[in-house]
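Peer 1: Got a predicted structure plus its sequence, pasted below:
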Amino acid sequence: MQLTQFKIIEAAKEGRRKVHPVFAVILAIVFLTLGELFMLFMLFLPKAETTFSKAIYSDIEMILTFGGAIFFVFLWIKFVEKRSISSIGFWRNQWIGKYLRGALIGFIFISIPVMLLVLTGIVQLQMQQITPTAILGIAGSLVAFLIQGATEEIVVRGWLFPVLSVRSRIWVGIVVTSFLFGFLHLLNPGITILSISNIILVGVFAAFYVLKDSSLWGICAWHSLWNWSQYNVYGFAVSGMTIYSTPLFKPVTNGAEILHGGSFGIEGSIITTIMLSIASIVLWKQLWGRKAKQRDFS
C-alpha cells in the first residue's frame, strides 16, 4: 500500500517541525513520564481508608497521570508541530460507529481466550456478589481505563507511529512502536517472555488496526475495553497489575501458567498469542496481501 493511502500517516506531514525518529521515541517516553506530575494533586486528598476509597483513588490517579500525558502530547502537536489534534486520527467522520465497534471488538477479543479456558476446564469463573458500591467501582474503573487506553494509543499509535513512518518506512514505525510498547511494560509484576511477546503483538495488531480503520477512535476503544474487561469482568490481572474494584467474576485457575497467564493475567496466555497472531495476519493480508499486489509496504 502506498504511503499516501494511509490517511493517518499522510496527516503527519502537515507538521511544520519534523521530529528525528530517535528523538521522537524519547519524546514519547517523556510525554508518558510527564503525566506523572499530575499525581501531585493526590497529595491534597485525604488518606484512603476503605477498599472503595482506594479504588476511587486508583481511578483518579490513572485519570490524572494518563490525562496529563494527553495534555502534553496535544500541546506538542498544536504548538510545536502546529497541526490539528484531529490529524493524529481523531477525524469526525463516523467516529461514533468506529469507537463503538472498537469497544465491541476489544471485549470480544479478551473474551475469546477466557471462554476457551472455561470450556476446557482450565479456568472456572465464580460470580461475585455485586453491590451498589461494586457497581460504582466498576463504573469508575471504566472511566479510568477509557482515559488510560486512549492515552497509550494517542502517544504510541496516533503520534509516534505516523511520525516515524513519515521519516522512515511504515514497517519501521510498526516495529519500533510495538517494541516500545513492550518496553513500557517490562517492569510490570509477573512479566514473562511470553507475556512481553504478547504485549508486542498487541502493538503490531494495533498498528494494523489503525491503518485499516484510517482512524484512532476504534483502537482507543479497543484498548480501553480490552484492559477494563480483563479485571472488571473476568477478574484477571491487567498486565500483572491488580485493581481495587470488585469484578463481576473471580477466576479459579488450574493447569500450566502458559495457558492462563499466571499472575500476569490473560495477556500472558499462549491462547492470547495465537489469537493476536491470527488477527494480525488477517489485517496484514487485507492491507498488503495477494489481493493488494500493487501496494507497496513502504
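Peer 2: Yep, it's here.
Peer 1: Please count neighbours and contacts with C-alpha atoms only from this point.
Peer 2: OK.
Peer 1: so who does F236 touch?
Peer 2: Contacts here follow C-alpha atoms under 8 Å, 6 or more residues apart in numbering; on that basis F236 touches Q230, T242, K250, P251, G265, I266.
Peer 1: got the contact list for the first one?
Peer 2: When you say that, I think you mean Q230. With C-alpha under 8 Å, 6+ apart, Q230 has these contacts: I110, F236, A237, V238, G265, I266.
Peer 1: please redo it, this time with the cut-off set to 7 Å
Peer 2: Contact analysis of Q230 by C-alpha atoms under 7 Å, 6 or more residues apart in numbering lists I110, F236, A237, V238.
Peer 1: helix or strand for E14, which one?
Peer 2: Assessed by DSSP states H and E, E14 sits outside every helix and strand.
Peer 1: Offset the numbering so it begins at 23, please.
Peer 2: Noted, 23 is the first residue going forward, which turns the last one into E36.
Peer 1: SS state for the nearest residue to it once chain neighbours are set aside?
Peer 2: Closest residue to E36 apart from its sequence neighbours, by C-alpha to C-alpha, 6 or more residues apart in numbering: R105 at 6.1 Å. Put simply, R105 is coil when judged by DSSP: H, G, I helix; E, B strand; the rest coil.
Peer 1: same thing with the one 10 residues further on?
Peer 2: Assigned by three-state DSSP, the conformation of N115 is coil.
Peer 1: Got phi/psi on it?
Peer 2: N115 adopts backbone torsions of phi -60, psi 110, taken as degrees, to the nearest 10.
Peer 1: What of S251?
Peer 2: The phi/psi pair for S251 (degrees, to the nearest 10) reads phi -70, psi -30.
Peer 1: What residues does it make contact with?
Peer 2: With contacts defined as C-alpha under 7 Å, 6+ apart, S251 is in contact with F129.
Peer 1: Do you know the pLDDT at it?
Peer 2: Looking at S251, its pLDDT stands at 97.
Peer 1: do W117 as well
Peer 2: According to the model, W117 carries a pLDDT of 95.
Peer 1: Measure how buried it is and give me the count.
Peer 2: Look at W117: counted by other C-alpha atoms under 10 Å, it has 16 neighbours.
Peer 1: What distance do you get for I144 to F258?
Peer 2: 14 Å (C-alpha to C-alpha, to the nearest Å).
Peer 1: Most neighbours out of the contacts of Q252, which is it?
Peer 2: Taking other C-alpha under 10 Å as the neighbour criterion, F258 ranks highest of the contacts of Q252 with 29 neighbours.
Peer 1: separation between that one and S246?
Peer 2: 15 Å.
Peer 1: which stretches of the stretch 123-272 of the chain form strands?
Peer 2: 145-149, 271-275 (DSSP state E, counting those that start in this stretch).
Peer 1: Let's have the ones you listed in CSV, adding distance to I48.
Peer 2: Shown next, in CSV, are these (distance: least, C-alpha to C-alpha, whole Å):
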stretch, distance to I48
strand 145-149, 40
strand 271-275, 38
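Peer 1: so of these, which one's packed in deepest?
Peer 2: strand 271-275 (a mean of 18; mean count of other C-alpha atoms under 10 Å).
Peer 1: how about stretch 106-119: buried residues?
Peer 2: S106, I107, S109, I110, G111, F112, W117 (16 or more other C-alpha atoms under 10 Å).
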